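Colleague: What follows is a predicted protein model with its sequence.
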Amino acid sequence: MSDRSPSPPTRRVIDIVSLLAAAPEPISVAGIANRLDIARATATAILAELDSAGWVRRDANRGYGLGPTLANLQGPALPHTLGEILTELTARTGYGATLSRIEPDHLTVLDVRHGPERVVPGIPVGHRIPLQFPAGASVMPWRSAAEQNTWLATAPDSDRRIASGLLMLVRDRGVALFRPRTDDAGTVELLADLLGAMGTDLMQPHLRARALRRLAFLTSRPFTKTELDSDAELPLSYLAAPVFDATGTAAYEVQSGPLLASTTKSERDEFIATTVDIARALTAALAS
């Protein structure tokens with residue numbers, strides 16, 4: 001997606017509808033304005049028009065969700081408890097977390113919860129990301145061979161062996177771990193802190209998008225089995241674990257983002273155990 005939309009008003013309407021379509025529960029006007037980095041008055045005006053057309057509906061608590069006109073275009077509603085479980089992940093780790101739906105060619109961010117230790121703005125609910133290595137790594141071992149091969153083909157030649165090994169490692173451990181691509185892990189931590197400190201109101205959206213893309217690139221080197229089992233202190237960018245729907249399909253991914261320049265093995269093991277535990281809780285909620 002381009003950093004600069006040719007029609008910002010149209011883009012804001014699309015962003016609001018995408019946000020509500022992906023959200024597991026209704027969102028207030030203030031919540032919509034905050035997540036999409038737009039003025040509250042703008043959000044209110046757009047929602048009023050969408051409401052009159054039946055595209056959105058306001059509930060008794062003044063939260064907005066999809067209206068009857070668009071509801072039939074959305075899949076089954078997700079349980080509201082998913083948000084509470086995701087918040088538990090941030091409380092237990094101290095860092096932000098996301099839940100995404102994994103489609104054959106893209107992933108869609110369904111929920112974002114900030115942690116008390118660091119707030120990294122800019123990844124809105126409803127945001128779609130092409131499903132290219134390493135995105136979606138945690139679900140790929142449970143997808144079809146055709147999907148796996150398509151995903152592996154998106155990896156650069158230099159990462160092709162790493163990508164293949166990652167699938168086996170995730171299948172064995174139930175979680176994918178990533179670290180900075182360079183040895184300068186401090187740069188990653190500094191960039192994350194700067195993004196959090198500036199917040200959504202002090203950085204232009206296109207600049208924040210560029211910074212986040214750079215941060216994603218710098219943090220996307222998968223852990224190897226040797227590193228995963230090592231007693232050495234190592235940087236840790238983020239973890240991802242699969243979440244299964246009621247049919248047993250690995251349809252979602254939960255992600256935790258510590259973005260730490262150094263972690264001990266015991267700290268990494270705790271992050272792994274917590275992330276996997278929350279993924280299982282999300283799976284149980286979807287099955288109930």
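Modeller: Alright, I've got the coordinates. Numbering: from 1, shown residues only.
Colleague: Helix or strand for R11, just tell me which one.
Modeller: helix 8-22 (DSSP states H and E).
Colleague: residues contacting T264?
Modeller: E233 (C-beta atoms under 8 Å, 6 or more residues apart in numbering). C-beta: built from backbone N, CA, C; applies to glycine.
Colleague: And it, how far from P104?
Modeller: 38 Å (C-beta to C-beta, to the nearest Å).
Colleague: Might you report the residue contacts of S230?
Modeller: So S230 contacts K265 (C-beta under 8 Å, 6+ apart).
Colleague: Equivalent analysis for E267, please.
Modeller: Here E267 is in contact with L236 (criterion: C-beta under 8 Å, 6+ apart).
Colleague: Quickly find the element holding it.
Modeller: With DSSP H and E as the criterion, the answer for E267 is helix 265-287.
Colleague: Give the buried residues for that helix.
Modeller: Judged by neighbour count (16 or more other C-beta atoms under 10 Å), helix 265-287 contains these buried residues: 268, 271-272, 274-276, 278-283, 285-286.
Colleague: Kindly report the same for stretch 170-184.
Modeller: Result for stretch 170-184 [16+ other C-beta under 10 Å]: buried residues 170, 174-180.
Colleague: And for stretch 152-169?
Modeller: For stretch 152-169, by 16+ other C-beta under 10 Å, it's 152, 154-155, 159, 162-163, 166-167, 169.
Colleague: Run through the bridge partners of the residue most central in space within the chain.
Modeller: Per C-alpha atoms, centre = their mean, the C-alpha nearest to the average position across the chain is that of T98, at 3.9 Å. Legend: beta-bridge partners of T98 under DSSP bridges are V112, Q255.
Colleague: Quick check: the farthest pair among the buried residues of stretch 152-169?
Modeller: T154 and L169 (18.2 Å; C-beta to C-beta).
Colleague: all helices in the stretch 1-150 of the chain, in order from the N-terminus.
Modeller: 8-22, 29-36, 40-52, 68-71, 81-93, 145-153 (DSSP state H, counting those that start in this stretch).
Colleague: Can you pull the poorly scored residue ranges out of the stretch 51-200 of the chain?
Modeller: 69-77, 118-126, 182-200 (pLDDT under 70).
Colleague: Would you map the strands across it?
Modeller: 56-58, 64-66, 97-102, 106-113, 128-130, 176-179 (DSSP state E, counting those that start in this stretch).
Colleague: quick one: which of these is nearest Q255?
Modeller: Closest among the strands of the stretch 51-200 of the chain, using C-beta to C-beta: strand 97-102, at 4.9 Å.
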